[in-house]
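# I would like the atomic coordinates for the input below:
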Amino acid sequence: MTKPDQPDRPEQGITAVPRPEARGQAPARTGLKDFTRQVLVAVLVLGLAYLLWRGTHVLLQAFAGVLFATFLAALSGWLQKRTGISYGWALAVTVCGLFLLSAGGAWLLANSLAVQMAELVSHKLPQSLEQLRHYLAQQAWGRLLLEQAPRAQESLPQGEEFSRVTGLISGVGGFLESAVVILFVGIFGAAEPGLYREGLLHLVPSGQRRRVGEALDALAFNLRWLLLGQVFLMVVMAVTTTAGLWLLGVPLALTLGILAGVFELIPYVGPWLAAVPAALIAFVVSPWHLLMTLALYLALHILEGYVLLPLVQRRSVLLPPALTLAAQVLLGELMGIMGLFVAAPLTVAAVVLVKMLYVEDTLEDQDVNVPGEPGNEEKQPGDRG
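Predicted coordinates for the structure are as follows:
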């Protein structure tokens, strides 16, 4: 008997052709997965950008803590080389030494500084402003200015005294919070700098880690010398300003000198901001004291700009003044006083990273100078490029 016809079967080794609808399922699923992944990445990026914007003040505090860690690491490394002790003990000695120095200085100057500061805020500045108003009232152009300026008492809304008190409490609380964050970030960062450096490098593709590591080392090099130079300028300007005002017979010389030292943290703009209260107080004494005080600040500014600042910037990246001023205005407008103080270090960080990772690597322009770059550690900013 003849067997009934069997359905055709594919021979062994020959794969059956899938149906057209089956062929379209895999690309559709792959496209859906890619679209979902892109949406999730976009949502994460937007969320991260929002968090960064909302927490910008925290990021500035963290960056200030990194600057403090760089300063502690520089002092600890110097002490380690000079004494031969371990880095941990050098850091402990550095932190304790700075604490004792600050506490001792505060104990020695606290009484006179507190008295002078209280007198400055409550008596000297209001008296100088009133005398300035009286002088302007005697001039035609001065009377025009006084007429155009709104009166302080009329512009203050009701309950302004209470808002001043609450604002003062909030300001003190914010200052203490920033100080604590900067202190602990600085100490922990200086204790294990390699840990945080390696953590950052793990976020970079393995083929680019060596170059990014060189950029981080050059950045630390420039920030270290920038901070050491700023501390040197602060001490010199505080001492010379105090001595000069004391010799001229201007009241509150110690307070004004310390203000001049603190404002050295703001390049270019800081010295002139520090000169304003000194000029007002000198104006109370006499017009001659005002002229001599302005001449003193001008002479110190020239000494700083043409003698001290070139010495400080010999081993750090050269900052274009226009770029630094623009960064100060922008960050000061967005972040207030904290933005002013970190504008120069942030500008240094941006210049170093742009030069190394963009100009040299992307544009392949090697005719630039980055102090601290491998093979370029001892070159000065004006040697090339």
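
# switch to C-alpha atoms for all contacts and neighbour counts from now on
OK.

# Could you check how far stretch 190-205 is from the centre of its chain?
From the chain centre to the centre of stretch 190-205 is a distance of 20 Å (CA atoms, centre = their mean, to the nearest Å).

# start to end distance for that stretch?
With CA to CA, to the nearest Å applied, stretch 190-205 spans 26 Å between its terminal residues.

# Could you list the buried residues of it?
Going by neighbour count (16 or more other CA atoms under 10 Å), the buried part of stretch 190-205 is 190-191, 201.

# Can you convert the residues you listed into JSON lines and add a column each for secondary structure?
Converted to JSON lines, those look like this (DSSP: H, G, I helix; E, B strand; the rest coil):
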{"residue": "190", "secondary structure": "helix"}
{"residue": "191", "secondary structure": "helix"}
{"residue": "201", "secondary structure": "helix"}
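
# nearest to residue 257, of these?
Nearest to residue 257 among those is residue 190, at 30.5 Å by CA to CA.

# Just give me the neighbour total for the residue nearest to that closest one when sequence neighbours are not counted.
Using CA to CA, 6 or more residues apart in numbering and skipping the chain neighbours, the partner closest in space to residue 190 is residue 69 (4.6 Å). Close neighbours of residue 69, defined as other CA atoms under 10 Å, add up to 25.

# Use 615 as the first number for this chain going forward.
New numbering, starting at 615: the last item is residue 683.

# Mind pulling up the pLDDT for residue 683?
Per-residue confidence for residue 683 comes out at a pLDDT of 93.

# shouldn't it be in contact with residue 799?
Yes: between residue 683 and residue 799 a contact is recorded at 7.2 Å, counting by CA atoms under 8 Å.

# which residues of this structure score low on pLDDT?
Along the chain, segments meeting pLDDT under 70 span 615-643, 723-739, 741, 743, 745-746, 748-751, 753-789, 990-999.

# quick check: longest helix of it.
helix 823-862 (DSSP state H).

# Name the residues of that one that are buried.
In terms of neighbour count (16+ other CA under 10 Å), helix 823-862 has its buried residues at 823, 826-845, 847-856, 858-859, 862.

# Ramachandran coordinates for residue 865?
phi -60, psi 160 (degrees, to the nearest 10).

# quick one, what contacts it?
Each residue near residue 865 by CA atoms under 8 Å, 6 or more residues apart in numbering is listed here: 859, 895-896.

# Return the member of those residues nearest to residue 985.
Residue 985 has its nearest neighbour among these in residue 859, at 37.8 Å by CA to CA.

# Let me know whether that closest one touches residue 907 as I believe.
Yes: if you go by CA under 8 Å, residue 859 and residue 907 touch, sitting 7.1 Å apart.

# other SSEs contacting the regular element (helix or strand) spanning residue 944?
Element membership for residue 944 (DSSP states H and E) is helix 935-949. Applying 3 or more CA pairs under 8 Å, 6 or more residues apart in numbering; DSSP states H and E, one finds that helix 935-949 makes contact with helix 951-967.

# mind listing what's buried in the helix it packs on?
Buried residues in helix 951-967, counting neighbours by 16+ other CA under 10 Å, are found at 952-963, 965-967.

# From the chain's centroid, how far away is that helix?
On the basis of CA atoms, centre = their mean, the separation between the geometric centre of helix 951-967 and that of its chain is 5 Å.

# List the contacts of residue 863.
By CA under 8 Å, 6+ apart, the contact set of residue 863 is residue 903.

# Now do the phi/psi pair for it.
Torsion angles, degrees, to the nearest 10, at residue 863: phi 80, psi 20.

# Helix 951-967 and the helix or strand hosting residue 692, what's the angle between them?
Using DSSP H and E, residue 692 sits in helix 670-697. Per axes from the mean of the first three to the mean of the last three CA atoms, to 10 degrees, the angle that helix 670-697 makes with helix 951-967 is 60 degrees.

# Geometrically speaking, which residue is the centre of the chain?
residue 956 (1.7 Å; CA atoms, centre = their mean).

# From the chain's centroid, how far away is the helix or strand containing residue 654?
Element membership for residue 654, per DSSP H and E: helix 639-668. Between the centre of helix 639-668 and the centre of its chain there are 33 Å (CA atoms, centre = their mean).

# thought residue 685 was touching residue 843?
No: taking CA under 8 Å as the definition, residue 685 is not a contact partner of residue 843, at 10.7 Å.

# give the contact list for residue 946.
Contacts of residue 946 by CA under 8 Å, 6+ apart are 952-954.

# hang on, residue 702 packs against residue 804?
No: using CA under 8 Å, residue 702 is not in contact with residue 804; the gap is 9.4 Å.

# Give the residues shared as contacts by those two.
In contact with both residue 702 and residue 804: no residue, using CA under 8 Å, 6+ apart.

# Got the phi and psi for residue 930?
Per degrees, to the nearest 10, the backbone of residue 930 is at phi -130, psi 170.

# quick one: it from residue 837, how far?
Distance, residue 930 to residue 837, by CA to CA: 8 Å.

# try residue 928
With distances taken as CA to CA, residue 928 is found 13 Å from residue 837.

# Same question for residue 720.
Here the criterion is CA to CA. By it, residue 720 lies 27 Å from residue 837.

# same check, this time on residue 948
Distance from residue 948 to residue 837, counting by CA to CA: 23 Å.
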